[in-house]
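Undergrad: Just need the structure, nothing else, for what follows:
(one chain, ligands or ions: 1)
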Amino acid sequence: MKANYIEHIGIAVKNIDKARKYYEEVLGLECYNIEEVADQKVKTAFFKVGETKIELLEPTSADSAVAKFIEKRGEGIHHIAFAVDDTNKALQHAENKDIKLIDKKARKGAEGLEIGFLHPKFTMGVLTEFCS
Ligand code: CMX
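TA: Next comes the predicted model:
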């Protein structure tokens, strides 16, 4: 298993409409997709920066993982997602190395990707996502 590149960086924000102005007006990036991921209780906005994307995450419900994160830590970097060839194989590989999985199996995330998360307590505090 080898992570191919950073697919995206997830950033928790309170309000996408407000936050996107910084990415558009200061960094000159273009928002090419806004999508709600009902399963994760978030609204997402995507910007491309070279091969990598920035994913803004706004909670759509007070009990979403992102709402909890903002309440506890404030807005900021929420997770790093690595592109892998096969999310299920990458999850299995991590588990074999004693990393606790949040997702035992890949599931559908934004942009139709197969995604799976590793627990931040086992990855030096960085919530890590695999996607393929
Ligand atoms: N990065 C690093 N650490 C995090 C974290 C994050 N994003 N979110 C929570 N933690 C830490 C907490 O600070 C806490 O640490 P302490 O015990 O030292 O205080 C610990 O993990 C447990 O956190 P918690 O607040 O009690 O929250 P939960 O256990 O309920 O959930 C987590 C934490 C990571 C398991 C949960 O947020 C999760 O399942 N995340 C994966 C799904 C997700 O994040 N979806 C949103 C994005 C979806 C998308 O990109 O489409």
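
Undergrad: use CA for all of it now, contacts and neighbours both
TA: OK.

Undergrad: Can you confirm whether the helix or strand of the chain with the lowest mean pLDDT lies near the ligand?
TA: Between all helices and strands in the chain, the lowest mean by mean pLDDT, DSSP states H and E belongs to strand 107-108, at a mean of 92. No - on the criterion C-alpha under 6 Å from any ligand atom, strand 107-108 is out of touch with the ligand, staying 8.7 Å away.

Undergrad: in its sheet, what does that strand sit against?
TA: Strand pairing for strand 107-108, using DSSP bridges, gives strand 114-118 (antiparallel).

Undergrad: tell me how far the partner strand is from the chain's mean position?
TA: From the chain centre to the centre of strand 114-118 is a distance of 9 Å (C-alpha atoms, centre = their mean, to the nearest Å).

Undergrad: Does the closest residue in space to residue 15 that isn't next to it in sequence lie in a helix or a strand, and which?
TA: Using C-alpha to C-alpha, 6 or more residues apart in numbering and skipping residues adjacent in sequence, the residue nearest residue 15 is residue 58, 5.9 Å away. Using DSSP states H and E, residue 58 maps to strand 52-59.
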